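Q: quick one, fold the following:
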Amino acid sequence: MITELTFAVLKYAFLILLWLFVWSIARSLYRDVASYSPRKSRARRKKEREVRKKADVPVAATPAPSTPNHPTTGAMPVTNAADKQPTLLVIIDGPLAGTSVPLNSSVITLGRAASNTVVLDDEFVSSHHARVYPDERSHQWAIEDLHSTNGTVVNQQRITAPTLLAPRMPVRIGATTFELR
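A: Take a look at the predicted model:
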């Protein structure tokens, strides 16, 4: 026979298991939604704020005139030829975080279409969104937005012309952020 105390213990144990199950489902859904969200993580935004605060010291610089057929530089200084050239395109944030693509002399295309080198399954990415290629003039890697709808953001600035990529300069396309290493 089941006593009243045993029945009460079983009843509360079942309720606790039920709530643990509901909590694990909610946590799983939250993580799935957060991983596909184009919004950056709280820790990443905090790091970027700290970097911006450190970089708020005004620097006197004269803008260099850009030619339409030559890539322009981003907000970070261009590395000279003595610096080590990047060998990998590393995805650091987004659904494909941790993926890397070796940089050789060929063009790397990014977009939703299956014909791209890096396929980004994201509703904010165009079918042929951008391309990363070796610039023959500067012997550095450059990125070009292929007239995408939502644009390509290099170092927190939307680009409209081909732009040289320095190592570790963040590039955001939809929910995906990558850099050259």
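
Q: ok, which stretches of the chain are strands?
A: Assignment of strands within the chain using DSSP state E yields the ranges 72-73, 88-93, 100-102, 108-111, 118-119, 130-134, 141-145, 153-154, 157-158, 163-165, 171-173, 176-180.

Q: list the buried residues in stretch 172-181.
A: Going by neighbour count (16 or more other C-beta atoms under 10 Å), the buried part of stretch 172-181 is 172, 173, 174, 175, 176, 177, 178, 179, 180. Glycine gets a C-beta too; all of them are placed from N, C-alpha and C.

Q: could you export it as PDB, CA atoms only?
A: C-alpha atoms of stretch 172-181 as PDB (Å, rounded to 0.1, in the frame of the first residue of the first chain):
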ATOM      1  CA  ARG A 172      30.200  41.100 -40.900                       C
ATOM      2  CA  ILE A 173      27.800  39.700 -43.500                       C
ATOM      3  CA  GLY A 174      24.300  39.100 -42.100                       C
ATOM      4  CA  ALA A 175      24.700  37.100 -38.800                       C
ATOM      5  CA  THR A 176      28.200  35.900 -39.700                       C
ATOM      6  CA  THR A 177      31.400  37.700 -38.700                       C
ATOM      7  CA  PHE A 178      34.800  36.600 -40.100                       C
ATOM      8  CA  GLU A 179      38.400  37.800 -40.200                       C
ATOM      9  CA  LEU A 180      41.700  37.000 -41.800                       C
ATOM     10  CA  ARG A 181      44.400  35.300 -39.800                       C
END
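
Q: for residue 123, give me its contacts.
A: Residue 123 sits next to residue 174 when contact means C-beta atoms under 8 Å, 6 or more residues apart in numbering.

Q: looking at the strands of the chain, which is nearest to residue 26?
A: strand 88-93 (23.6 Å; C-beta to C-beta).
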